[in-house]
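1. Fold the following, please.
(2 chains)
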Amino acid sequence: MSDAAPTTPAPISDAERAELRRHGILLTSLQELYTWGCSNSVWPLNFGLACCAIEMIAASMAKFDIARFGSEVFRPSPRQADLLIVSGTVTKKMAPQVIRLWNQMPEPKYCIAMGACAISGGPFKQGYNVLKGVDRFIPVDIYIPGCPPRPEALLHGLLEIQKKIKGFQIAGPDAPRHLRSDLECNCPVPEFGAHDIEPTANPKVWTAPVIVRSEKG
Amino acid sequence: METVEQIRDRLLARFPGAEISVITNPGVAAQHSLLLDHAHARAIAEFLRDDTTLKLDQCSNVTGIDWPEKKITETSKVSVPDPAGGPAKVVEQKTERVQPGMLEVVYHLYSIALRHGPVILRLRTGNRTDQVTVPSLTPVWRACEFQEREVFDLYGVKFDGHPDLRRILMWDEFKDFPMRKDYVEPDDYEWEPTPHGVVLEKAKAHYPAPPPAAAPATGGAKP
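-> Down below sits the predicted model:
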């Protein structure tokens, strides 16, 4: 199975494999096994920022039961976590700590921006002390809109993460960043400046959108 | 509970040298307040806390107010006698005066023991730049500690006698005072789908309109 070309996702067709499975032979590829394992044990970091965290907690409890998807193990240490759910407003004072937590998580790691605040600053977008979206500093995989999003929306976001992981190539140029040596995984932590955090964004993951004012306004 | 005027009279009798004035609130709430001088503020606060008829044992709220320097034009009607002997003319006279800028700290006091309140105290600084110290009332009411730190953080009022005067919401390296009216916030404006009001002004400043050769823009940023 490892002799197959690394970019080929499935060395045999699904029909052939189903046929073999009927005869009691389980045949799989390393890539499939790897992504299957990764996608069904996404452990979130036990980390909440604001009211979205309440919905995240609700999603982890019996009624919504995030354990159905293998993510019930909320880890209190970033060293053991795979998924950072940024659940709430990121103030500029909190931003360096969020980025530090992200850097302390081992690869493979994923980030969900949960709710309007984590996506763009939300209702506090005009505030002088609010980060206008956590994607200014760390790469975000899934954005979940809502204020706050329902627990079902978080579960949907988790399923989308799983779908994304299942589509990973474990070798070759399309491999995710943790399987490649040419990509930097750490994000620089901003410093507290006299008027704002410095720098105000990580240019590797975010650039300001080019806005052209329309002619008729 | 006694009225503010009664409290003031009692305080003046108790503290002969103190300058205490009543600031009236013209609104419906009519919550008049006492403006204290710096020298006697601490002693007066202790008196209000320990006095048996007031017993203001809780400071529920401390807040700041920024009063920037402003010009006030007052219009008054003056009757000018006619030199020819006719009826006096009424002339409108406009006088301009500059109200100096200052920072103000407001304390709301209640009595849990006697279930009354609020009694409102005010302290004023000399100006907004270098004379920004007022006496701290934290030694009198422990509840003032964090709120005075917040006023220090957001308005820049320094509290003399505060046990731990540090910024509480913003980081220590921060230099500005965000709740002052002349605060200029960092320009991290990004994009607003339907800007209006203040946000439209920001959008216009951040994304200047296309040159006049194109059709004139009436405002609004679009992606």
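2. for chain B, which spans come out with low pLDDT?
-> B:190, B:208-223 (pLDDT under 70).
3. need the longest helix for chain A.
-> helix A:151-166 (DSSP state H).
4. List the buried residues for it?
-> Under the neighbour-count criterion of 16 or more other CB atoms under 10 Å in any protein chain shown, helix A:151-166 has A:Pro151, A:Ala153, A:Leu154, A:Leu155, A:Gly157, A:Leu158, A:Ile161, A:Gln162, A:Ile165 buried. For glycine as for every other residue, the C-beta is placed from the backbone atoms N, C-alpha and C.
5. Off-centre distance for the least confident helix or strand in chain A by mean pLDDT?
-> The weakest-scoring helix or strand in chain A, judged by mean pLDDT, DSSP states H and E, is helix A:14-22 (a mean of 85). Centroid separation for helix A:14-22 versus its chain: 33 Å, with CA atoms, centre = their mean, to the nearest Å.
6. Quick check: next helix or strand after that helix?
-> Moving toward the C-terminus from helix A:14-22, the next helix or strand (DSSP states H and E) is helix A:30-39.
7. most centrally placed residue in the chain?
-> Reading this off chain A. For chain A, the residue nearest the mean C-alpha position is A:Cys111 (2.3 Å; CA atoms, centre = their mean).
8. Correction: the question concerned chain B.
-> Centre-nearest of chain B using CA atoms, centre = their mean is B:Ile65, 2.1 Å out.
9. distance of the closest residue in space to B:Gly156 that isn't next to it in sequence from chain A?
-> Nearest non-adjacent residue to B:Gly156, counting by CB to CB, 6 or more residues apart in numbering or on different chains: B:Phe177, 4.0 Å away. To chain A, B:Phe177 is 11 Å away according to CB to the nearest CB, to the nearest Å.
10. again with B:Gln93
-> Counting by CB to the nearest CB, the gap from B:Gln93 to chain A is 43 Å.
11. Tell me who's in contact with that residue.
-> B:Thr75, B:Ser76, B:Lys77, B:Val78 (CB atoms under 8 Å, 6 or more residues apart in numbering or on different chains).
12. rewinding a little: any residues touching the host helix or strand of the residue nearest to the centre of chain B, and which ones?
-> Under the criterion of DSSP H and E, B:Ile65 resides in strand B:58-67. Contacts of strand B:58-67 with the rest of the structure, by CB under 8 Å, 6+ apart, involve B:99, B:101-112, B:117-118, B:128, B:137, B:140-141, B:143-144, B:147-148, B:150-151, B:154-155, B:157, B:179-181.
13. same deal with stretch A:31-42?
-> A:9-10, A:69-71, A:73, A:82-83, A:108, A:110, A:158, A:161-163, A:165-171.
14. Name the residues of stretch A:99-111 that are buried.
-> Under 16+ other CB under 10 Å, the buried positions of stretch A:99-111 are A:Ile99, A:Leu101, A:Trp102, A:Met105, A:Pro108, A:Lys109, A:Tyr110, A:Cys111.
15. Make sure B:Gly101 is actually in contact with B:Pro68.
-> Yes: with contact defined as CB atoms under 8 Å, B:Gly101 counts as touching B:Pro68 (4.8 Å).
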